[in-house]
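*Asks:* need a structure here:
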Amino acid sequence: MRSLSHALVVAAGAWLASPAGADTFSHLDFETPGLGLSLRAIHDPYTGPGVVFDVVPDIASDAVVGLVKNHATSACVNPPDLNQKLGTGRLAYGPDGDIGQSGYPIRARFDPPLNAGAGEVFVEVQFQVLRSTSVIVTLLDDSGQVIGGNERIADSAGSTCGNPGNLRSRVTLRATTLGPVRFVRMETSPSNRVFVVDDFSFGSVTTAIEPATWSRIKNFYLP
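*Replies:* Predicted coordinates:
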């Protein structure tokens, strides 16, 4: 425990940081381009404002990303609707890659890197996957070094959309770091689970500076 005298010294000249709102915020729902009458289509890479999605390199030479309607992926979670997801497949599976029936790790690349300056960078994404599977988001810098990430079990209420097998689950995962972030890796454990992603959001949050007050200092330093 810090001493009261130390707290008084801190109070004399300290400034405490408190969270502020998001400075920048972008969101992709993968509804563009529309699939029309098609169930799925290859879009490799898939490009959004400031970010490009593809399969993590060296996983499979013909692995690709693309769009799939929710009811057409085996990772479907009710309702089995036309909502579009980003998924993976392979060129060997046909002209549409059978997108939404594979589980290759997906990589997002920011250009320029996602940078929060004096604050934090965040990435948030929704997974659909077999229930009880771990979903993982890893944040990497320009050299490929891990600088942040998060992991959780897909444990939300599940459904199957009428597909055979066990329940599928829809969960959202958020990861933060000081940045800058060049790459985001999205994957599952075990790695052989079919998954799709949706509602990919990213941005930065700054820290507002406000003077330290005696009441705030007491909360930190007094028992």
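*Asks:* can I get stretch 166-186 in PDB? Just the C-alpha atoms.
*Replies:* Output in PDB follows, covering the C-alpha atoms of stretch 166-186 (Å, rounded to 0.1, in the frame of the first residue of the first chain):
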ATOM      1  CA  ASN A 166     -24.000 -29.900 -32.900                       C
ATOM      2  CA  LEU A 167     -25.100 -26.400 -32.000                       C
ATOM      3  CA  ARG A 168     -23.400 -23.400 -33.600                       C
ATOM      4  CA  SER A 169     -22.800 -20.200 -31.700                       C
ATOM      5  CA  ARG A 170     -22.500 -16.500 -32.400                       C
ATOM      6  CA  VAL A 171     -20.100 -14.500 -30.300                       C
ATOM      7  CA  THR A 172     -18.300 -11.100 -30.500                       C
ATOM      8  CA  LEU A 173     -14.700 -10.700 -29.600                       C
ATOM      9  CA  ARG A 174     -12.800  -7.400 -28.900                       C
ATOM     10  CA  ALA A 175      -9.000  -6.900 -28.700                       C
ATOM     11  CA  THR A 176      -7.100  -3.700 -27.800                       C
ATOM     12  CA  THR A 177      -3.500  -2.600 -27.900                       C
ATOM     13  CA  LEU A 178      -1.400   0.600 -28.000                       C
ATOM     14  CA  GLY A 179      -0.700   0.000 -31.700                       C
ATOM     15  CA  PRO A 180       0.200   0.500 -34.400                       C
ATOM     16  CA  VAL A 181      -1.600  -2.500 -35.800                       C
ATOM     17  CA  ARG A 182      -0.800  -3.700 -39.300                       C
ATOM     18  CA  PHE A 183      -2.500  -7.200 -39.300                       C
ATOM     19  CA  VAL A 184      -5.300  -8.900 -37.500                       C
ATOM     20  CA  ARG A 185      -5.500 -12.700 -37.500                       C
ATOM     21  CA  MET A 186      -8.900 -14.400 -36.900                       C
END
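*Asks:* apart from its chain neighbours, what residue comes closest to Leu67?
*Replies:* Setting aside the residues directly before and after it, Leu67 is nearest to Gln84 in space (Cβ to Cβ, 6 or more residues apart in numbering), at 5.1 Å. C-beta: built from backbone N, CA, C; applies to glycine.
*Asks:* report the beta-bridge partners for the one you found.
*Replies:* Lys69 (DSSP bridges).
*Asks:* please report how far it lies from Gly34.
*Replies:* Per Cβ to Cβ, to the nearest Å, Gln84 is found 8 Å from Gly34.
*Asks:* run through the helices of this protein in chain order.
*Replies:* 4-13, 214-221 (DSSP state H).
*Asks:* quick one: Val194 and Ser102 touch, right?
*Replies:* Yes. Judged on Cβ atoms under 8 Å, Val194 makes contact with Ser102 at a distance of 6.2 Å.
*Asks:* coming back round to it: and the pLDDT at the residue nearest to Leu67?
*Replies:* Here, the pLDDT recorded for Gln84 equals 98.
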